[in-house]
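Novice: build the 3D model from these lines:
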Amino acid sequence: MRRIAVPIAFVLGLLFAVGQRPLHAAATAPGLPETKEIISALKSNYVDREKLDSHMLDEATVTGILDALGRGATIVPSDTATTNSGKTATAESKPVNPIARAEIIDPDIGYIRLADVSDTAVSAFDTELKKLADEKAVGLVLDLRFADGTNYDAAAAIAGQFVNNGEELFTLKDPEKGSRVFRASMETKPVSLDGLDLTTVPIILLVNVETRGSAEALAGALRIQQRGILVGSKTAGTAAGWKDVPLSDGQMLRLATAKIILPAKDEEGGKPVDLFPGGMRPDVKVKIDPKVEREVVLEAQTNQTLTASLQPRVQKKGMSEAELVKAFRGQPVDTDTNGATSTDKDSEEEGEIQNVRDVVLQRAVDILKGIRVLLSWQ
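Specialist: Next up is the predicted model:
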């Protein structure tokens, strides 16, 4: 990404960054000289002082600030410019089905994949929950991988169904508009789920680096309230709101304007948890190839159930033309996966067992099965 030079007045009062020194660390370092003193000393004593013209100093200053702020301030092309100043709801550019998939994983584990946390997601989610209750589901896998959204009211409404009334879910902090606290409300509870208590049902939350926005707030709220176990990889850690400021060369300066903060809990050291920019780390980290994960989640076969997809696959042995002729004549044929004739021991095997591709979902199901066994012992 190309850095852009701006007038030095733009960064007056901010620290002149040297190298990769973090901004917050430099600001608190004892005895650090003022910015103007550093620049003056460089201009007077640096061996190649002719290089320290205003353009170079301005560019170095901005580069240092952008490096220190990381995701909080970046330069983006004008054709990608958008603004979302911490809104709780935005209009969709095109219709999006918020529930990408919902079914029962045998024998009694409910699965719901949310693609978009929006207004329509709340009612659609309630509908699927009732179906799972009718199927006597005793556990839930909520798949938030690749899920996004800017509707934090919707995130709170969904999370609030699994948490006791009045519990703090998260706070949307916006320096300009003020902070707004989201809590679990009776208004978001389903009327009836045939005896299924959502405040106690075990939940596994599947997350990855593409879990962002209101989906990330949903995952964080359930995790901080100890209502869900995070499985997968670290979430995106994106800002809840941002603003694009036009620059003179046609590019945009994208600035974080709002963020999500989770309430303080004892297991977090009694301090609030800031989702920006670090995201949420999973309780159970599962490594999976990003390309494979995108395929199994976004390009999953609709004609195959998740129960079937989690069964180890057997790769059948291939047959050469010669073996096919023998088989046609009724003669016994036995080959391995490379077409070579197998031994008697090999002939007892049906083929090579292939591992389950969605190892994240497999781990979640295994955990829920273990929880079910432990509960049955009580």
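Novice: CA only for contacts and neighbour counts going forward, please
Specialist: Will do.
Novice: rounded mean pLDDT for the longest strand anywhere in the chain, please.
Specialist: Determined from DSSP state E, the single longest strand within the chain is strand 252-262. Across strand 252-262, the average pLDDT comes to 94.
Novice: low-confidence ranges in the protein?
Specialist: The chain contains residues with pLDDT under 70 at 1-33, 81, 85-96, 188-195, 267-268, 313-321, 323-354.
Novice: mind doing that once more with 80?
Specialist: Where the chain drops to pLDDT under 80, the residues are 1-35, 78-96, 186-196, 266-269, 301-302, 312-354, 376, 378.
Novice: domain-wise, how is it divided?
Specialist: 8-76, 99-242+254-298, 313-354 (automatic domain parsing).
Novice: if we can go back for a sec, right, and the helix or strand after the longest strand of the chain?
Specialist: strand 273-274 (DSSP states H and E).
Novice: what is the neighbour count of the nearest residue to residue 202 once chain neighbours are set aside?
Specialist: Once flanking residues are discounted, residue 202 sits nearest to residue 139: 5.1 Å by CA to CA, 6 or more residues apart in numbering. By other CA atoms under 10 Å, the residues close to residue 139 number 25.
Novice: can you give me the strands in the stretch 101-250 of the chain?
Specialist: Ranges of strands in the stretch 101-250 of the chain, per DSSP state E, counting those that start in this stretch, are 109-114, 139-143, 168-173, 180-183, 203-207, 229-232, 241-246.
Novice: nearest to residue 59 among those strands would be which one?
Specialist: With CA to CA, the closest approach to residue 59 among these belongs to strand 241-246: 17.3 Å.
Novice: by contact count, what packs against the closest one?
Specialist: Applying 3 or more CA pairs under 8 Å, 6 or more residues apart in numbering; DSSP states H and E, we find strand 241-246 packed against strand 252-262.
Novice: the helices in this protein, which residues?
Specialist: 23-28, 35-45, 54-69, 119-134, 152-160, 213-224, 290-298, 306-309, 321-328, 344-347, 359-377 (DSSP state H).
Novice: I figured residue 230 hits residue 221, correct?
Specialist: No: judged on CA atoms under 8 Å, residue 230 makes no contact with residue 221 at a distance of 11.2 Å.
Novice: coming back round to it: which of the helices of the chain is buried the deepest?
Specialist: Ranked by mean neighbour count, the helices of the chain are led by helix 213-224 with a mean of 27 (mean count of other CA atoms under 10 Å).
Novice: got the contact list for it?
Specialist: 116-117, 144, 147-152, 154-156, 158-159, 162-163, 169-170, 205, 207, 228-230, 235-240, 260, 262-263, 265, 275, 279-280 (CA atoms under 8 Å, 6 or more residues apart in numbering).
Novice: now the angle from that helix to strand 252-262?
Specialist: Angle of helix 213-224 versus strand 252-262, following axes from the mean of the first three to the mean of the last three CA atoms, to 10 degrees, is 20 degrees.
Novice: what about helix 213-224, distance to the chain center?
Specialist: 9 Å (CA atoms, centre = their mean, to the nearest Å).
Novice: related to what we said a few turns ago, got a PyMOL select line for the buried ones in the contacts of helix 213-224?
Specialist: Here is the PyMOL command that picks out the buried ones among the contacts of helix 213-224, judged by 16 or more other CA atoms under 10 Å:
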select buried, resi 116+117+144+147+148+149+150+151+152+154+155+156+158+159+162+163+169+170+205+207+228+229+230+235+236+237+238+239+240+260+262+263+275+279+280
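Novice: tell me the contacts of residue 260?
Specialist: Residue 260 neighbours (CA under 8 Å, 6+ apart): 170-173, 217, 239-240, 274-276.
Novice: pretty sure the residue nearest to residue 202 contacts residue 110?
Specialist: Yes: using CA under 8 Å, residue 139 is in contact with residue 110, at 6.0 Å.
Novice: overlap in contacts, the two.
Specialist: By CA under 8 Å, 6+ apart, no residue touches both residue 139 and residue 110.
Novice: ok, residue 126 to residue 161 distance?
Specialist: In this view, residue 126 and residue 161 are 9 Å apart by CA to CA, to the nearest Å.
Novice: do residue 300 as well
Specialist: Remark: distance between residue 300 and residue 161 (CA to CA) = 28 Å.
Novice: do the same with residue 56
Specialist: 55 Å.
Novice: name the nearest residue to residue 235, sequence neighbours excluded.
Specialist: residue 209 (4.4 Å).
Novice: my guess is the one you found meets residue 238, correct?
Specialist: No: with contact defined as CA under 8 Å, residue 209 does not reach residue 238; the gap is 9.9 Å.
Novice: picking up where we left off before, more crowded one of residue 300 and residue 161?
Specialist: Higher neighbour count among residue 300 and residue 161: residue 161, with 20 against 15, using other CA under 10 Å.
Novice: any idea how far the more buried one lies from residue 279?
Specialist: Residue 161 sits at a distance of 23 Å from residue 279 (criterion: CA to CA).
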